[in-house]
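Novice: mind looking at a prediction? Sequence and model below.
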Amino acid sequence: MMDVLKGLFDLTKLPAKFFLLFAITSAIVLFSPDDFLGRLHLIETRNKYGWIIGLIFISTGILSIINMIVWVYNYVRGEIKFIAAKTNLKEVLVHLDPHEKSVLREMFIQGRSSMEMPMDNQTVAGLVDKNVLKINNVLGSSAITSGMRVPMSIGKYALKYLELEHIDLKLQEEMTEEDKEFIANNRPPWIDKWSHWS
């Protein structure tokens, strides 16, 4: 019996849901009427090991409550951090500098959801740090080396909140020749010369 209890309270081996299970089970044994326990053949168990079952109920009950509090705390904290991150991302998109705009605009004018970009470029690296761009996992982290281009795409939430006006872009049918000339003269310096847009 003591070996069973030792294994029962080895906290490093049991997930939190088992504490709740033990708390409920021990509560049933402790507080159920005799006729119900009689049908389960547990009256003698309660009478003989009632103090042990009581300790199990108190211990696992407290642990279950603590686990619930920790879960709620982590969930609320995660939601707060998530909301803060989205709010920060919206601010980042509103205050993009000209170089950052040119990088994001390039994906739109080429109509691509993914593009190879130089990871050692300061602007590209900055957009990754700000969670605007994300590195695609096609090639794995080993592809991130100095001077090597890495496939990237705009992050899910960045794409959701990004507006054309954030990157000084209009719908093609609304663009003037001056707009097209501005875009052509303000493309990222690492774009291949043969990569033409009009």
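Specialist: Yes, it's here.
Novice: what separation is found between the N-terminal and C-terminal residues of stretch 83-103?
Specialist: From its first residue to its last, stretch 83-103 covers 26 Å (Cα to Cα, to the nearest Å).
Novice: partners of the longest strand along the chain, with directions?
Specialist: The longest strand of the chain (DSSP state E) is strand 149-154. Strand 149-154 sits in its sheet next to strand 115-118 (antiparallel), strand 133-135 (antiparallel), going by DSSP bridges.
Novice: those: which one's closest to residue 25?
Specialist: With Cβ to Cβ as the measure, strand 133-135 is the member of those nearest residue 25 (46.0 Å). All C-beta spots, glycine's among them, are computed from the backbone N, C-alpha and C.
Novice: sorry, back to before: closest to residue 62 out of the strands paired with strand 149-154?
Specialist: Using Cβ to Cβ, the nearest of these to residue 62 is strand 133-135, at 42.5 Å.
Novice: can you list the buried residues in that closest one?
Specialist: 133, 134, 135 (16 or more other Cβ atoms under 10 Å).
Novice: now those residues in CSV, with distance to residue 177 and pLDDT?
Specialist: Output for the buried residues of strand 133-135, formatted as CSV (distance: Cβ to Cβ, whole Å; pLDDT from 0 to 100):
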residue, distance to residue 177, pLDDT
133, 30, 95
134, 34, 93
135, 36, 91
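Novice: against residue 108, how distant is the residue most central in space within the chain?
Specialist: For the chain, the residue nearest the mean C-alpha position is residue 82 (8.3 Å; Cα atoms, centre = their mean). Distance of residue 82 to residue 108, computed by Cβ to Cβ, to the nearest Å: 27 Å.
Novice: residue 23 - how many residues pack around it?
Specialist: When counting by other Cβ atoms under 10 Å, one arrives at 20 neighbours for residue 23.
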